[in-house]
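>>> Coordinates only, no sequence provided:
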Ligand SMILES: NC(=O)c1ccc[n+]([C@@H]2O[C@H](COP(=O)([O-])OP(=O)(O)OC[C@H]3O[C@@H](n4cnc5c(N)ncnc54)[C@H](O)[C@@H]3O)[C@@H](O)[C@H]2O)c1
Ligand SMILES: CC(C)[C@H](C(=O)O)[C@@H](O)C(=O)O
Ligand SMILES: [Mg+2]
């Protein structure tokens, strides 16, 4: 059987720095576990714009469609902020999500015991936290038409359109219900049905899919603003949260801070199964290119490493090895290793990006 194939798109800023640590782990699986991945690499985001004048070439897009899974670092940076919207680094990532039809974005927020003290919330609020945000990723206000900046009378008007079809809502809610069945069997759906028609439809369709196909799962509905409040008040009331593209973007950054740092949160973006039965898939940390710390060896590689663990679980049916990587991360944190983002205001001696990666490799070695 052919080796599993990966396309690495490290991107900009800290993207290549955190991805370097994932490459070490991919290498470790080859030498220590006899699992060899066929890895190719390419450009996305600002670096692709610099090389080709576009944040994602058609050739790279075609490669992404062919591989078993794409691993992405991060895109963007101040150098590109004034570019036209059509060639901004972020457009490269949005094109990948849209053309691969990666409609279900899984963003788990787990608080490792060793970091429970570090969260900006009280320890008992976050200790043992394990929630999963399922964010719709290919539609909503990110992609709705009309959009643009127009002139009306003597002033400019900026327009974006929130648009959801019934089938788009139904498919992502199925992903959430399926995940809930493997977890604690609870789904909370978040929208703004009190002010948006798209929210009314969202609530109706999620309820219908539930009643027809998943009556065994406990379902609740919440307005997204109240959901944000509840996520900070008592996040452990949630198991799986399903929400739209924009609310999911906001709520997942909020959830990141429950775990201690944006540098901790991984994600999997999944689409329909391919001919080989594996889902179309892209794995990336939730954080961005962190221009403020790029090039200094300060970035926390854990979000990117845990994203690779998600690839092992969701693309390669290697759940035990995914757990092995997650346990290795847990071990180094329990041993007290911290990158700078995991240091409190009182400071301490942070380890570098590569030292964190090396320690995780050592913990993986010890797990054999
Ligand atoms: N998926 C992506 O590629 C992605 C996601 C979010 C933002 N972005 C882009 O990244 C650029 C910067 O955006 P931003 O500053 O709003 O968000 P960001 O996530 O890049 O950074 C926010 C803050 O978190 C810190 N941080 C983020 N990741 C970290 C890590 N792994 N280790 C330690 N600290 C970390 C940063 O130093 C910064 O202080 C923008 O161009 C934005 O569009 C890209
Ligand atoms: C970089 C940007 C396009 C992206 C988004 O808004 O979806 C990011 O914030 C994320 O959370 O993945
Ligand atoms: Mg975001």
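Here it is on my side, so go on. All figures in this text were calculated on a predicted structure; none of them were measured in a lab. Ligands and ions are numbered 1, 2, ... in the order given.
>>> What residues sit buried inside stretch 331-338?
Within stretch 331-338, the residues scored as buried using 16 or more other Cβ atoms under 10 Å are 331-333, 337-338. Using the backbone N, CA and C atoms, a C-beta is placed for each residue, glycine as well.
>>> One more: stretch 142-155?
By neighbour count on 16+ other Cβ under 10 Å, the buried set for stretch 142-155 is 142-144.
>>> Off-centre distance for that stretch?
The chain centre lies 29 Å from the centre of stretch 142-155; the measure is Cα atoms, centre = their mean, to the nearest Å.
>>> if you look at that stretch, does any of it touch ligand 1?
No: counting by Cβ under 6 Å from any ligand atom, ligand 1 is not contacted by stretch 142-155; separation bottoms out at 12.7 Å.
>>> Identify the residues contacting the longest helix seen in the chain?
In the chain, ranked by residue count with DSSP state H as the criterion, the top helix is helix 15-33. The contact list for helix 15-33, computed with Cβ atoms under 8 Å, 6 or more residues apart in numbering, reads 6, 8, 10, 35-37, 39, 45, 71-75, 285, 289, 294-295, 297, 299-301, 303-305, 307-308, 321, 325, 353-354, 356-358, 360-361, 364-365, 368.
>>> Can you get me a residue count around the closest residue to residue 249 other than its chain neighbours?
Closest residue to residue 249 apart from its sequence neighbours, by Cβ to Cβ, 6 or more residues apart in numbering: residue 135 at 6.8 Å. For residue 135, the tally of surrounding residues (other Cβ atoms under 10 Å) stands at 27.
>>> So residue 135 sits against residue 245, correct?
Yes: counting by Cβ atoms under 8 Å, residue 135 does reach residue 245; the two are 6.4 Å apart.
>>> can you tell me which of the buried residues of stretch 331-338 are in strands?
Within the buried residues of stretch 331-338, no residue falls in strands by DSSP state E.
>>> Closest to residue 115 out of the residues you listed?
Closest to residue 115 out of these is residue 333 (6.2 Å), distances taken as Cβ to Cβ.
>>> count of neighbours near the nearest residue to the closest one once chain neighbours are set aside?
Among residues not flanking residue 333 along the chain, residue 114 sits closest, at 4.0 Å (Cβ to Cβ, 6+ apart). The tally of other residues near residue 114 (other Cβ under 10 Å) stands at 19.
>>> next one: residue 289
Residues contacting residue 289 under the criterion other Cβ under 10 Å number 25.
>>> what's it in contact with, if anything?
11-15, 45-46, 73-77, 89.
>>> I'd like the distance between whatever residue of the stretch 201-350 of the chain ends up closest to ligand 2 and residue 256.
Across the stretch 201-350 of the chain, the shortest distance to ligand 2 (Cβ to the nearest ligand atom) belongs to residue 249, at 4.6 Å. Here residue 249 is placed at a distance of 11 Å from residue 256 (Cβ to Cβ, to the nearest Å).
>>> same question, residue 63
30 Å.
>>> more neighbours, these two?
More crowded of residue 63 and residue 256, by other Cβ under 10 Å: residue 256, with 20 against 17.
>>> picking up where we left off before, sitting in helices, which of the buried residues of stretch 142-155 do you find?
Nothing among the buried residues of stretch 142-155 maps onto helices, per DSSP H.
>>> Just give me the closest of these to ligand 2.
The closest of the buried residues of stretch 142-155 to ligand 2 turns out to be residue 142 (Cβ to the nearest ligand atom; 6.9 Å).
>>> Check what pLDDT that closest one gets.
According to the prediction, residue 142 has pLDDT 98.
>>> That one reaches residue 247, doesn't it?
No: in this structure, residue 142 is not within contact of residue 247 by Cβ under 8 Å, at 11.4 Å.
>>> May I have the phi/psi pair for residue 113?
When read as degrees, to the nearest 10, the backbone of residue 113 gives phi -50, psi -40.
>>> which residues does it contact?
When contacts are counted by Cβ under 8 Å, 6+ apart, residue 113 touches 127-128, 330, 334.
>>> what about the closest residue to residue 42 other than its chain neighbours, how many neighbours?
In this structure, residue 42 finds its nearest non-sequential neighbour in residue 60, 4.6 Å apart by Cβ to Cβ, 6+ apart. Residues within reach of residue 60, counting by other Cβ under 10 Å, total 23.
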